[in-house]
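Engineer: fold the following for me, if possible:
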Amino acid sequence: MSNQPDPSDSTALPDNANSGSKSSQSIARLWLGGNALGFAIATVILVRMTVSTSATPLLMGGISALYASGIVVSSCVGVLQALILRRQIPRLRVWQWILGSILGGYLGIFLGAMVNMVVVTSSPNATSDALLLPTTAILGAMLGVSVGLGQVLVLARQVRGLRRWWLANVVGRSLGWLSAVLVGLLFIHLDIHIGDSIIALLVCGGIGGLVYGGVTALALPSLTPRQRSTVDGPA
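Structural biologist: Predicted coordinates:
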């Protein structure tokens, strides 16, 4: 009598579990790359649009670049994000995701500007250099609050896990902006004029997008589809 192993004794994962894990990893990699690419492209566009009015408008918080960023960033990044997320959320509509991101972006810019105004006026003796990083972190966090809210409203009827997604947006945007500014300051320290260097702009935006993408990628698995309610007929 042969000692054939019983199928129930196998410790290997089922095929669908393995494929699900591989699919999640694939989406996470695409998410990282898409955000890095989107923010890199958006950074170049924004700085090129406003370079005539400020030496480093985006990285140092120029007003014109901030208001332009509402539509530029949300368009460049939002399209890539939506196309990637549709692999996990098939019913997601690209135009809704982009619109929610744009409206959230402008609300975040307004809130960030208001909060930073209070910070600056309450610190009259602080230099602009000393306030640069805290105001950058605040602006990024406010953008995360508002853009995350817009995305949550788009996803609310389709997936669960939105609280974690919103929190990841707040942390990710704040750390992403800080990372981009710190890299920009490094280039300035190396006497590289950011507004004249496409490579420097791509690096700054790409690193900011990579940090944001890395934080939000941790929340991607929590976005699980909602089960459609069904009404059972009489027995």
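
Engineer: tally of neighbours for Val215?
Structural biologist: For Val215, the neighbour count with other CB atoms under 10 Å is 21. Where you see a C-beta, it was placed from the backbone N, CA and C, and this is true even at glycine.

Engineer: check Met142 too.
Structural biologist: Using other CB under 10 Å, Met142 is surrounded by 23 other residues.

Engineer: got the contact list for it?
Structural biologist: Listed by CB atoms under 8 Å, 6 or more residues apart in numbering, the contact set of Met142 reads 108-109, 111-112, 115.

Engineer: quick one: pLDDT of it?
Structural biologist: Note for Met142: predicted pLDDT of 95.

Engineer: measure it to Leu149 for me?
Structural biologist: Distance, Met142 to Leu149, using CB to CB, to the nearest Å: 11 Å.

Engineer: tell me which element the closest residue to Leu202 other than its chain neighbours falls in.
Structural biologist: Excluding its sequence neighbours, the residue lying closest to Leu202 (CB to CB, 6 or more residues apart in numbering) is Ala40, at 4.6 Å. Ala40 belongs to helix 15-50 when assigned by DSSP states H and E.

Engineer: now the helix or strand just after that helix: mean pLDDT?
Structural biologist: For helix 15-50, the following helix or strand on the C-terminal side (DSSP H and E) is helix 63-85. Helix 63-85 carries an average pLDDT of 85.

Engineer: and helix 63-85, what's buried?
Structural biologist: Using 16 or more other CB atoms under 10 Å as the test for burial, helix 63-85 gives 65-82, 84-85.

Engineer: Val119: how many residues sit nearby?
Structural biologist: 14.

Engineer: I misspoke; the intended subject was Val183.
Structural biologist: 19.

Engineer: what residues sit buried inside the helix or strand hosting it?
Structural biologist: If you go by DSSP H and E, Val183 is part of helix 162-189. Under the neighbour-count criterion of 16+ other CB under 10 Å, helix 162-189 has 162, 164-185, 187-188 buried.

Engineer: brilliant, that's me finished.
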